[in-house]
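**Q** Structural data only, the sequence is not supplied:
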Ligand code: DUC
Ligand code: ZN
Ligand code: ZN
């Protein structure tokens, strides 16, 4: 038995904060104590194996990134973080659980795709991990296989209204998958962009010689996200399926989600740090081919159109419920470069898994969200949304000891030669200077990051079998 005491810190939950000491025994939190309490002995600091001083710091539940793509084959190449490098980078940034996407494509078996993802991840992760299932080919076989997912601990699946010929599902396929979702209580996650229309617009731009990364953002117009979000909501409405819209970037999509929620529908929305800070003008429009670093879908949107403001507002008012990263990193050399002559060939995705807590904390620094809401967005709601609450997402007796000691007075300089542990040859966040610092990260009772060093190990992370979403019961 190993015991640890986190002392002097302020424990933050979505409902408040208080000076509380946290006692950990092996992998679990076993007591929350008033500082100085003698209820479990007069000399607790002397009798535990390790004391972690959190004076002046926040003590928060470990972050849960509910949307990552480690070593995902995509865009003619493969996302360059492995489960090993990606989960280490996540740990550096205070994330102690990721939910990655297992993949099934047209003609493939769902259970084979899931088994393949287990093979990739098992024994390689520094932190705990769970899976969603991408259904990239909705056929009778896939529909039948969906019934087995809950017992595998996979209670959510992603469909794509974009990427024809790759992961795309047409409306009839979406309807059928949603019927299963409604019956089973599986959460339908939707990539909501009108792919067939986007592909025509992209071809027209390329034919007109508009081939730079900027036109990726032009082709994937806001109307295409708005329309697909609306259509997904209507299909969910008709079938009764619970719906979760991933990587929302357009303010019009927020309005669609918000309207559905006001009608009492089980519709949820996630956004990502890139949509809160980066833009079509500044990043996709960077000189030369530089903008390729920020080609992702949904795309970065126009600064002038005030999407950032509306997304922050949505996060504050609970029109959007959580912030994930859609971490899907590609190196510039040899990967992003595939599209040097044609933006359509640039692999879609960027890397953020390491920086989500810090980037969101800027919302607290700038007065956009409260510190309690920060914790809710990065840890507690992901746990509740994806069936892990109690074990994850909360500092409470009986919960896994996934804990971050966060220094609000610290500072983090992000950049390739500064803070950067993802397996990428560039940082999507180069030059970002942020207030706040992840000091200590504990994963199931083991300190994995301390004193600006990673001291965890490959294989410490375990697969988390998830239950059904707490928002649906
Ligand atoms: N969008 C991306 O940018 N990358 C991975 C898949 C996706 O939907
Ligand atoms: Zn997507
Ligand atoms: Zn994604």
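**A** Cool, got the structure. Quantities reported herein were computed from a predicted structural model and do not represent experimental measurements. Residues are numbered from 1 along each chain as shown. Ligands and ions are numbered 1, 2, ... in the order given.
**Q** Now the residue lying closest to residue 245 once chain neighbours are set aside: which helix or strand?
**A** Spatially, and ignoring its direct neighbours in sequence, residue 245 is nearest to residue 269 (4.7 Å; C-beta to C-beta, 6 or more residues apart in numbering). Heads up, the C-betas are built off the backbone N, CA and C, glycines and all. Assessed by DSSP states H and E, residue 269 sits inside strand 267-271.
**Q** next helix or strand past that strand?
**A** helix 273-277.
**Q** who does whatever helix or strand comes next after that next one touch, helix- and strand-wise?
**A** Next helix or strand after helix 273-277 toward the C-terminus (DSSP H and E): helix 307-317. When contacts are defined as 3 or more C-beta pairs under 8 Å, 6 or more residues apart in numbering; DSSP states H and E, helix 307-317 sits against helix 251-262, strand 267-271, helix 273-277.
**Q** ok, now with 6 Å
**A** helix 251-262, helix 273-277 (3 or more C-beta pairs under 6 Å, 6 or more residues apart in numbering; DSSP states H and E).
**Q** pretty sure residue 129 belongs to a strand, no?
**A** Yes: per DSSP: H, G, I helix; E, B strand; the rest coil, residue 129 lies within a strand segment.
**Q** Mind pulling up the pLDDT for it?
**A** You'll see residue 129 listed with a pLDDT of 99.
**Q** out of everything not next to it in sequence, what's closest to residue 128?
**A** residue 97 (4.6 Å).
**Q** Repeat that for residue 44.
**A** Per C-beta to C-beta, 6+ apart, closest to residue 44 is residue 5, 6.0 Å.
**Q** Name every strand pairing with the host helix or strand of that neighbour and say which way it goes.
**A** Assigned by DSSP H and E, residue 5 belongs to strand 3-7. Applying DSSP bridges to the sheet, strand 3-7 is found paired with strand 21-25 (antiparallel), strand 50-53 (parallel).
**Q** Mind putting those strands into JSON lines with mean pLDDT?
**A** Below are the strands paired with strand 3-7 laid out as JSON lines (pLDDT from 0 to 100):
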{"stretch": "strand 21-25", "mean pLDDT": "98"}
{"stretch": "strand 50-53", "mean pLDDT": "98"}
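**Q** most packed of those?
**A** Highest mean neighbour count of the strands paired with strand 3-7: strand 21-25, a mean of 22 (counted as mean count of other C-beta atoms under 10 Å).
**Q** what's the closest non-adjacent residue to the one residue sitting closest to the centre of the chain?
**A** Centroid-nearest residue in the chain: residue 324, 2.5 Å away (criterion: C-alpha atoms, centre = their mean). Closest residue to residue 324 apart from its sequence neighbours, by C-beta to C-beta, 6+ apart: residue 67 at 3.5 Å.
**Q** So which residues on the stretch 201-350 of the chain come close to ligand 1?
**A** Residues of the stretch 201-350 of the chain lying close to ligand 1 (C-beta under 6 Å from any ligand atom) are 296, 297, 326, 328, 348, 349.
**Q** Tell me which stretches of the stretch 101-250 of the chain form helices.
**A** Taking DSSP state H, counting those that start in this stretch as the test, the helices found in the stretch 101-250 of the chain are 110-121, 140-145, 171-184, 195-207, 214-219, 222-239.
**Q** quick check: mean pLDDT across the second one?
**A** Okay, so that is helix 140-145. 97.
**Q** just checking, what packs against it?
**A** Using 3+ C-beta pairs under 6 Å, 6+ apart, helix 140-145 sits against helix 110-121.
**Q** who touches the helix it packs on?
**A** 71, 83, 102, 103, 104, 129, 131, 142, 145 (C-beta atoms under 6 Å, 6 or more residues apart in numbering).
**Q** Looking at these, which is nearest ligand 1?
**A** residue 103 (10.4 Å; C-beta to the nearest ligand atom).
**Q** Please look at the closest one and residue 134 and confirm they touch.
**A** Yes: Residue 103 is in contact with residue 134 according to C-beta atoms under 6 Å; the separation is 4.7 Å.
**Q** Run through this structure and note the low-pLDDT ranges.
**A** Along the chain, no part satisfies pLDDT under 70.
**Q** one step back: state the distance from the residue nearest to the centre of the chain to ligand 1.
**A** 12 Å (C-beta to the nearest ligand atom, to the nearest Å).
**Q** give me every residue that touches that residue.
**A** If you count contacts by C-beta under 6 Å, 6+ apart, residue 324 has them with 65, 66, 67, 270.
**Q** ok, and the most crowded of those residues?
**A** residue 65 (32 neighbours; other C-beta atoms under 10 Å).
**Q** anything in the one helix or strand it maps to near ligand 1?
**A** Per DSSP H and E, residue 65 falls inside strand 63-68. No: Strand 63-68 does not reach ligand 1 (C-beta under 6 Å from any ligand atom); its nearest approach is 9.1 Å.
**Q** can I assume the residue nearest to residue 44 is in contact with residue 48?
**A** Yes: in this structure, residue 5 is within contact of residue 48 by C-beta under 6 Å, at 4.5 Å.
**Q** What residues does residue 196 make contact with?
**A** Residue 196 makes contacts with residue 164, as judged by C-beta under 6 Å, 6+ apart.
**Q** same check, this time on the one 5 residues further on
**A** Residues near residue 201 by C-beta under 6 Å, 6+ apart: residue 219.
**Q** The residue in the stretch 151-300 of the chain that ligand 1 sits nearest to: neighbouring residues, count only.
**A** Across the stretch 151-300 of the chain, no residue is closer to ligand 1 than residue 296, which sits at 3.4 Å (C-beta to the nearest ligand atom). For residue 296, the number of neighbouring residues by other C-beta under 10 Å comes to 29.
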